[in-house]
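All I have is the shape, not the residue letters:
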């Protein structure tokens, strides 16, 4: 074929071209198959490289080029939701997008109010879908929009969450139910892109990194992890411990102490006392109906107290505010998945919703003219609801 046996160095470009062209003419099918195979390998390598990129890099790519995003928290957001929201907003802004953090409902719990006040968080309350600040919506700490008029018309651009659910984002979805907090996921995003926490005494310009975590954000993320994992003692994973360690250098200890130790109102203390005094205990389970309350966020605090009682392994506290029955459950019993327990108890009740994790869950039930309605047109009493809860705790529902 014209190739010199003494080596390629003595073959001219024209001779090499003629030889290759002769091979193609002699074996066209083999040549085509070889080219297709090489193309498939290149495509596979490209896909493999993209698939194996860390989630933080994928999130940055998703928001890169967007003018603005709305970071949406769940109703009545807790520290994990707020911390995750402001951290996602900080990362999006460093990627070049304008970001607004919004939430439906209210921030009522004194710990949540202290969290917002001490860290001076810029979060905006919304009531209607028209209040959403941008077309591209990032849901954090929940995966389906809820809690405001028109929420079912929102198509999330991205979802970042650690709760179970079927909600997804059009461009990006990261739901990790094995993580104890959404804050751990976003802390990992910064680590994925070599971001660095900014120590309290320094400015971001003094930190040699393309992406930085402001001290207030690092402090918030750490506290979000601590609250959702009961100080890293329940429902957490190795990733939560790793995230807490990663954030440590940026944590403001004074701010952290002020958030963790807010003043407790007389109302909250009284409601806790009512929950304990009015508890109905059956074996290892307790249910307490505290009646009408002016602060629904005191109900989960009462549940936290009640589950500490000796001999009690799972509890549900319920109370009514403005025509809505709020339920909060806590479990340290391996037989009781609290999120599933509350879902089962409210399953066929009209305007009822519930969910959560194995160790904690919550739910709401709207009353109709002061009564609890079933999906089949009937109604049940509060006493019957309490019986349902006990049945569900026992696995009989």
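Thanks, I have the structure now. This structure is a prediction, so every number in the text was calculated from the model and none was measured.

How are the helices of the stretch 201-350 of the chain distributed by residue range?
215-228, 238-247, 253-260, 266-277, 298-306, 338-346 (DSSP state H, counting those that start in this stretch).

wait, which of these is closest to residue 114?
Comparing those against residue 114 with Cβ to Cβ, the closest turns out to be helix 253-260 (5.2 Å). Where you see a C-beta, it was placed from the backbone N, CA and C, and this is true even at glycine.

just to revisit the earlier point, mind putting the helices of the stretch 201-350 of the chain into a markdown table with distance to residue 321?
Shown next, in a markdown table, are those (distance: least, Cβ to Cβ, whole Å):
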| stretch | distance to residue 321 |
| --- | --- |
| helix 215-228 | 22 |
| helix 238-247 | 32 |
| helix 253-260 | 25 |
| helix 266-277 | 11 |
| helix 298-306 | 9 |
| helix 338-346 | 17 |
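
Of those helices, flag the one that's most buried.
helix 215-228 (a mean of 27; mean count of other Cβ atoms under 10 Å).

can you pull the contacts of the nearest residue to residue 103 once chain neighbours are set aside?
Distances taken as Cβ to Cβ, 6 or more residues apart in numbering put residue 73 closest to residue 103, at 3.9 Å, once the chain neighbours are dropped. Counting by Cβ atoms under 8 Å, 6 or more residues apart in numbering, residue 73 touches 81-82, 84-85, 101-103, 123, 140-142.

One more: residue 271?
Contacts of residue 271 by Cβ under 8 Å, 6+ apart are 290, 293, 295, 298-299, 301-302, 319.

Next one, pLDDT for it please.
Looking at residue 271, its pLDDT is 93.

so what's it closest to, chain neighbours aside?
Spatially, and ignoring its direct neighbours in sequence, residue 271 is nearest to residue 298 (4.4 Å; Cβ to Cβ, 6+ apart).

Hmm, the one you found is touching residue 269, no?
No - when contacts are counted by Cβ atoms under 8 Å, residue 298 is not listed as touching residue 269 (9.0 Å).

Neighbours of residue 351, how many?
Close neighbours of residue 351, defined as other Cβ atoms under 10 Å, add up to 15.

State the distance from it to residue 364.
Using Cβ to Cβ, to the nearest Å, we find residue 351 at a distance of 8 Å from residue 364.

got a list of what the nearest residue to residue 210 once chain neighbours are set aside touches?
Leaving aside its chain neighbours, residue 210 sits nearest to residue 194 (6.8 Å; criterion: Cβ to Cβ, 6+ apart). When the contact criterion is Cβ under 8 Å, 6+ apart, the partners of residue 194 are 209-211.
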